[in-house]
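Trainee: Generate coordinates for the sequence data below:
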Amino acid sequence: MAIKKPVLKNGKTPALRAVEFGFLCLFLGVMALRATFTESPGGVGGTQHINIFTSIYSLSFSLALLLGVCVWVIFNFTSARPRWRLTGWEVPIILFVIAAIAAGAGAADKRAAITSFAVLIVPLMAALALVQVLDRPARVTAALVVITGLGVMATYQYIEQFWITGEETVAQYEADPEEFLQPLEITPGTFHHLLFEHRLYSRGVRGSFTTANSAGSFSILATFAALAVFTGILHKRKSGNDESQRRFPLLPAFALGLCALGIVLTQSKGAIGAAAIAAVMFGAWCLFHSWIGRHKKLLVVLTVLVVIAGTIFVIYYGSAHGTLPGGKSMLIRWQYWQSSLRMYADNPVTGVGPANFKYYYPAYKIPEAVETVTDPHNFPLSMLTQYGPLGLAAMLGVVILPLAALARKRQPVKTEQSGADMRFIIYPAMGIIILALLVLRPLLIPMTTDMTAPAWVTMYIGFAVYIIPVLIFALGVLLFSLDNRTAQSERFSPARAALFCGVIGFFIHSLLDFAIFEPSVYTAFMAILACILAIDFDTAKRTTLNLPSFLSVKMPAIVLAVVMPAGYLFYVFVPPTRSMTKLDRAYTAFDDGRFDYAHRLTGQAVELDLIDPAAPTVAARLYLMDYHRKDAKDESLLRKTEDNLLTAISRNPKNFRYYENLSDVYVYLAENAEDEQKDFYLRQAIRAAQQAVERYPGSERLRFSFAQIAERLGKEQLALEQYQKVVEIEEAFRDFFPRIFPEHDFVSRLGSSKYEITQRKIEEMK
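Mentor: Here you go, the predicted model:
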């Protein structure tokens, strides 16, 4: 009996078509989860129990995407007619990998570098595979509609946070400020307290994102994705023969308006300004698209000249005035950028390494600057300082190539897709995404309620936290998918112009913020770029390789698809996951009073990941907490604290906090010692304090501690120099303070009592 061959559709077997649909749902599902969960990987682990798994969650999402990519590669490359769309992204991705490896090799914190690289490269690889999967306009439309639904859901979260949660938080703080600040480890009356109040009363909303700027960036992407689908609907209604189909589409217009409202609600000036520029660009295209099409080369040249002139103006104006036009926020950013340029000047080839900016920045920070940031708030500078020129060029290529594809002149290829086809894709995908949100979000965001509260209160909170956002997402999708018209694939349609302008607006905002590096925003951005490249394939004759004739490409790709997940698991994912799990258990044991067991767990965590400084840092912290807990001070606990801090320093020699903490440990040891032993510990303390100051010369706190240790050792001249430096930094900050907080009385960063001690010591020593 003859074996029945599988029926090929578009050259694809049923198994390959199922894998492609599964990968599309996986990508959109991960994007949805990230948009509803606050991710801030920035380096594996941390010193606070509540934040210990943030990087593991990010690595888990990346692992899911990587496995999806590899499964698709294996099914596609072993099918009867494997194909590969040449996107142009292949070269930038390879260059970015090379740049990241070179930068990571010299990074101070190699675990943070590996994590950051994984979080960036995997969504980019997934987007490259997504271009291959989005081989029909209906799939592209479905992806854009999902992004729109997430934008509607984000707007709901902004509204809820602005009118309900924000008011409750302010009321709770004003009822008992000290109790509110205690879990945050903020001392009332300090400069940190001032910064907290400034953020609290600014009323900017962030939804599930880390900052209002990140929320604004995501809403820009969602708004212009909605605009692309909406203009496609308008175009097809206008060209339709049925008069009943020409009515204005109210439901999609409402969804578009909700996404745009989200940009305004974030109160991010940068996001609102960038969205306005993108909207003006889109309006100009609608009015003058014929003229723009005839003068593309001239516009490209003018754009390059404007970018060059703008860069020169920023550097000249900032150097001449010590700030940039645009108020306090631009003054602060100019300080970030000055320090970042000096950092890059010292590391011009590979930068300081992925996610290592925060360890190097204190050494270059302007002393009077308000904040010690972890990113320069500028996409090109961030890439330049962390990945070097090659990394910056690669990421610019990733962004520019899709935009260039839309502007390139090609022979259109007519395609038609029915609205029913889009709904056939979007409804099953939406069901899978909703199921993932309902099942996984409670695991990612555990609900904490008062055990004495009535059951109906717990049910209401659970419904508000887990159910309502998902329903709003489904509503946002349905507002578009209920319409029975989808966008036509037509050259230079308003839909393509909307995506083009949205990417430009998003990138403009990235010149003033770090939102692009937030995983939720970054994944959505990669999805938009993949949709642009897929649209270009649908509307123009581009190169598609027929892989059976390229065995030298086919076989290595399959091998790579098997090797990459294994390498990711055993080098990127498993070591930090095992280590962080031990640390989580150690914190729990310490809170329960099982101190010896907690110390054993931290010791195991240190050994499970031999390049991560987070584990020895947590171990040192718990040993020090145990030391302060006991009335009779146990010197052995300080010795173990010292050992763990030295281990952390060996794994990241650029973090000033390790040296600061080590100096404190030696001071504690000196307090319990006598004569020569006491002098020995103080000499150790002053060496550690000096190394901390070298890594953060603009910190008056570190210099004050340095001066006090020097004074105890009898080094009065050294102590006097440090006390004078403390006054110099504090006075510079005192002069700078009114420019940032003109409505507030001065608040010392050092503390008024320590500043008075410093002035008295200077007078005595003189």
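Trainee: What degree of burial does the residue nearest to residue 393 when sequence neighbours are not counted show, as a neighbour count?
Mentor: Of all residues not flanking residue 393 in the chain, residue 95 sits nearest, at 6.8 Å (Cβ to Cβ, 6 or more residues apart in numbering). (Each C-beta comes from the backbone N, C-alpha and C, glycine too.) Residues contacting residue 95 under the criterion other Cβ atoms under 10 Å number 17.
Trainee: which residues touch residue 95?
Mentor: 390-391, 393-394, 397 (Cβ atoms under 8 Å, 6 or more residues apart in numbering).
Trainee: how far away is it from residue 719?
Mentor: 51 Å (Cβ to Cβ, to the nearest Å).
Trainee: Same question for residue 464.
Mentor: For residue 464, the distance to residue 719 - Cβ to Cβ - is 57 Å.
Trainee: tell me the contacts of residue 181?
Mentor: Neighbours of residue 181 in contact, by Cβ under 8 Å, 6+ apart: 187-188, 193, 196.
Trainee: For PyMOL, what selects the buried ones among these?
Mentor: Entered in PyMOL, the line below selects the buried ones among these, by 16 or more other Cβ atoms under 10 Å:
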select buried, resi 193+196
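Trainee: just the contacts of residue 95 now: which is nearest residue 253?
Mentor: When those are ranked by distance to residue 253 (Cβ to Cβ), residue 397 comes first, at 35.9 Å.
Trainee: Tell me the confidence at the closest residue to that closest one other than its chain neighbours?
Mentor: The shortest distance from residue 397 to any non-neighbouring residue, by Cβ to Cβ, 6+ apart, is to residue 92 (3.6 Å). For residue 92, the pLDDT comes out at 95.
Trainee: since we're on residue 92, how many residues are nearby?
Mentor: 21.
Trainee: Now do it against residue 177, distance only.
Mentor: From residue 92 to residue 177 the distance is 50 Å (Cβ to Cβ).
Trainee: ok so, going back, is the residue nearest to residue 397 in a helix, a strand, or coil?
Mentor: helix (DSSP: H, G, I helix; E, B strand; the rest coil).
Trainee: so what's it up against?
Mentor: 393-395, 397-398, 401.
Trainee: 10 Å instead?
Mentor: 124, 128, 393-401 (Cβ atoms under 10 Å, 6 or more residues apart in numbering).
Trainee: what do you get for residue 88?
Mentor: Applying Cβ under 10 Å, 6+ apart, the residues contacting residue 88 are 397-398, 400-402, 404-405, 533, 536, 542-543.
Trainee: Between all of the contacts of residue 92, which two are at the greatest distance?
Mentor: Greatest spacing in the contacts of residue 92, by Cβ to Cβ: 128 and 393 (17.8 Å).
Trainee: what about these two, which has more around it?
Mentor: Comparing residue 128 with residue 393 by other Cβ under 10 Å, the one with more neighbours is residue 128, at 22 against 16.
Trainee: Provide a list of residues in contact with the more buried one.
Mentor: 69, 84-85, 87, 89-90, 92-93, 398, 526, 529-530, 533.
Trainee: In strands only, show me those.
Mentor: 84-85 (DSSP state E).
Trainee: Looking at the contacts of residue 128, which one is closest to residue 557?
Mentor: Using Cβ to Cβ, those come closest to residue 557 at residue 84, 8.5 Å.
Trainee: heading toward the C-terminus, what's the first helix or strand past the least confident helix or strand in the chain by mean pLDDT?
Mentor: One helix or strand of the chain scores below all others by mean pLDDT, DSSP states H and E: strand 544-546, with a mean of 65. As assigned by DSSP states H and E, the chain's next helix or strand after strand 544-546 is helix 551-567.
Trainee: for whichever helix or strand comes after that next one, what is the average pLDDT?
Mentor: The C-terminal neighbour of helix 551-567 among helices and strands, as given by DSSP H and E, is helix 574-591. Averaging pLDDT along helix 574-591 gives 93.
Trainee: What is the burial count for residue 157?
Mentor: When counting by other Cβ under 10 Å, one arrives at 23 neighbours for residue 157.
Trainee: just residue 395 next, same as before
Mentor: Neighbour tally, residue 395, other Cβ under 10 Å: 22.
Trainee: Give the buried residues for the helix or strand hosting it.
Mentor: Per DSSP H and E, residue 395 falls inside helix 379-407. Using 16+ other Cβ under 10 Å as the burial criterion, the residues of helix 379-407 that qualify are 379, 381-388, 390-395, 397-399, 401-403, 405-407.
Trainee: do the same with stretch 657-672
Mentor: 657-670.
Trainee: then the host helix or strand of residue 144 to PDB, C-alphas only?
Mentor: Using DSSP H and E, the element containing residue 144 is helix 137-160. Extracted C-alpha coordinates of helix 137-160, given in PDB (Å, rounded to 0.1, in the frame of the first residue of the first chain):
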ATOM      1  CA  PRO A 137      -0.300  39.800   5.100                       C
ATOM      2  CA  ALA A 138      -2.900  38.300   7.400                       C
ATOM      3  CA  ARG A 139      -0.200  37.100   9.800                       C
ATOM      4  CA  VAL A 140       1.400  40.600   9.800                       C
ATOM      5  CA  THR A 141      -1.900  42.200  10.500                       C
ATOM      6  CA  ALA A 142      -2.600  39.700  13.400                       C
ATOM      7  CA  ALA A 143       0.800  40.600  15.000                       C
ATOM      8  CA  LEU A 144       0.100  44.300  14.700                       C
ATOM      9  CA  VAL A 145      -3.400  43.800  16.200                       C
ATOM     10  CA  VAL A 146      -1.900  42.000  19.200                       C
ATOM     11  CA  ILE A 147       0.500  44.900  19.800                       C
ATOM     12  CA  THR A 148      -2.600  47.200  19.600                       C
ATOM     13  CA  GLY A 149      -4.400  45.100  22.200                       C
ATOM     14  CA  LEU A 150      -1.500  45.300  24.500                       C
ATOM     15  CA  GLY A 151      -1.400  49.100  24.000                       C
ATOM     16  CA  VAL A 152      -5.100  49.300  25.000                       C
ATOM     17  CA  MET A 153      -4.400  47.200  28.100                       C
ATOM     18  CA  ALA A 154      -1.500  49.400  29.000                       C
ATOM     19  CA  THR A 155      -3.700  52.500  28.700                       C
ATOM     20  CA  TYR A 156      -6.200  50.800  31.200                       C
ATOM     21  CA  GLN A 157      -3.300  50.300  33.600                       C
ATOM     22  CA  TYR A 158      -2.200  53.900  33.300                       C
ATOM     23  CA  ILE A 159      -5.800  55.100  34.000                       C
ATOM     24  CA  GLU A 160      -6.100  52.800  37.000                       C
END
